[in-house]
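# Model the following, please.
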Amino acid sequence: MTHTTFQLVVTAGALVGLGVALLIWRVVPAQPDLRDALDRLSPSHTRRSHDATVDTPSVDATQRLGMWGIKTLPAGLWVRTPTRELAILRTPLSRFYGQKILYALLGLVIPPLLTMLFNTFDAGLPVYIPVFASIALAAVMFFLPDYNARDDARKARAEFARALGAYIDLVALERHNGAGPRQAMETAATIGDSWVFTRLVEELARTRWSGLTPWEALRVLADELGLPELDDLADIMRLSGEEGAQVYASLRARSAAMRTAMLSTEKARANEVAERMTIPMSLLGVIFLAILVTPALLRVIGGAT
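Sure, this is the predicted structure:
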């Protein structure tokens, strides 16, 4: 009984202290992060925000939670935001932050619920175990959306590179047929129906009123999404548009080099999978030999005794 009373007193004191800390933190004026503020004022931030909300016309509860976090929580709490990964996935920043907050709240709730479940079976877990477990699990789950975004972005970049190889071939064919640089890029982008071609169509259409040339727009997009292959295409088309160079051979060579690189990557990945498959096969062989040897070994041991 005394032990339970002590746990209740400690828990109540921790909750009171947390409430006082939250009140003080709310009253103290926030110190804005200078880099984050300048990034919000930059012209490219408006374009990124527009791109991130193209596929999300309605705001759900996760985004509202993220908007609350952006306005309320300090900018340094988010540590490092995977901006390029979110840009290629077209995930709004508010949704990403909302997921981080939601995952952290789940991490805080799960250990106390499990403790209550165990205590119903008279486990008698002390109060500090769910406290430390909640903090640790919340910290781990807080960074789980970062891992998910980087993994999804890696797959999206690979898909973008595959589609970009076909796009470069189409641009080369349009240039070979006598189309101008802008016309060749816009016509080639309208042929495909995947999200990669849709993204290229939007970027090229934006250049008609933004004042940028198509190759400059592709260069900005390549830097924003972390796609060096798109940057190479922008360099080739800049030579064609500004200097009138014949780029058909360069485009075909670039697309062939991309396909060769992707094929080498796929072969290396297949070799890794094949090497991993040898491990269970080796273990299966060891188990089979053990099954064959064990009866004879047991008979030898039994005869010796």
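# So Pro145 is in contact with Gln99, correct?
Yes. Distance between Pro145 and Gln99: 4.4 Å, which falls inside the contact criterion (C-beta atoms under 8 Å). For glycine as for every other residue, the C-beta is placed from the backbone atoms N, C-alpha and C.
# residues contacting Leu204?
For Leu204, the contact set (C-beta atoms under 8 Å, 6 or more residues apart in numbering) comprises 182, 185-186, 189, 214, 217.
# Now rank those by neighbours and give me the top one.
Counting neighbours by other C-beta atoms under 10 Å, Met185 leads the contacts of Leu204 with 29 neighbours.
# How about that residue: what's its closest non-neighbour residue?
In space, and not counting its chain neighbours, Met185 is closest to Pro214: 5.1 Å by C-beta to C-beta, 6 or more residues apart in numbering.
# which residues sit against stretch 162-170?
Stretch 162-170 has contacts (C-beta under 8 Å, 6+ apart) with 187-189, 191-192, 194, 196-197, 200, 227, 229-230, 233, 251-252, 254-255, 258-259, 262.
# Buried members of those residues into PyMOL, please.
Selection of buried members from the contacts of stretch 162-170 for PyMOL, criterion 16 or more other C-beta atoms under 10 Å:
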select buried, resi 187+188+189+192+196+197+200+227+229+230+233+251+254+255+258+259
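# give me phi/psi at Arg299?
phi -60, psi -40 (degrees, to the nearest 10).
# Equivalent analysis for Pro82, please.
Dihedral angles for Pro82 - degrees, to the nearest 10 - are phi -70, psi 80.
# Give me the distance between it and Ala257.
Using C-beta to C-beta, to the nearest Å, Pro82 is found at 28 Å from Ala257.
# So for the two, which sits in the more crowded spot?
Using other C-beta under 10 Å as the criterion, Pro82 and Ala257 rank with Pro82 on top: 19 against 14.
# Does that one touch Ala149 like I think?
Yes. Proximity of Pro82 to Ala149 meets the contact threshold set by C-beta under 8 Å, at 5.0 Å.
# How about the secondary structure of Ala253?
helix (DSSP: H, G, I helix; E, B strand; the rest coil).
# Using CSV, write out the CA atom coordinates for the strand or helix carrying Asp235.
Per DSSP states H and E: Asp235 is located in helix 228-243. Backbone C-alpha positions of helix 228-243 (Å, rounded to 0.1, in the frame of the first residue of the first chain) are rendered in CSV as follows:
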residue,chain,number,x,y,z
PRO,A,228,21.6,15.0,-61.0
GLU,A,229,20.3,13.2,-64.1
LEU,A,230,17.8,16.0,-64.7
ASP,A,231,20.6,18.6,-64.2
ASP,A,232,22.6,16.9,-67.0
LEU,A,233,19.6,17.1,-69.3
ALA,A,234,19.3,20.8,-68.5
ASP,A,235,22.9,21.4,-69.4
ILE,A,236,22.5,19.7,-72.8
MET,A,237,19.3,21.6,-73.6
ARG,A,238,20.9,24.9,-72.6
LEU,A,239,23.6,24.3,-75.2
SER,A,240,20.9,23.6,-77.8
GLY,A,241,18.8,26.6,-76.9
GLU,A,242,21.4,29.2,-76.3
GLU,A,243,24.2,28.2,-78.6
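# Next up, the contacts around the closest residue in space to Thr207 that isn't next to it in sequence.
Of all residues not flanking Thr207 in the chain, Ala217 sits nearest, at 4.7 Å (C-beta to C-beta, 6+ apart). Counting by C-beta under 8 Å, 6+ apart, Ala217 touches 203-204, 206-207, 210.
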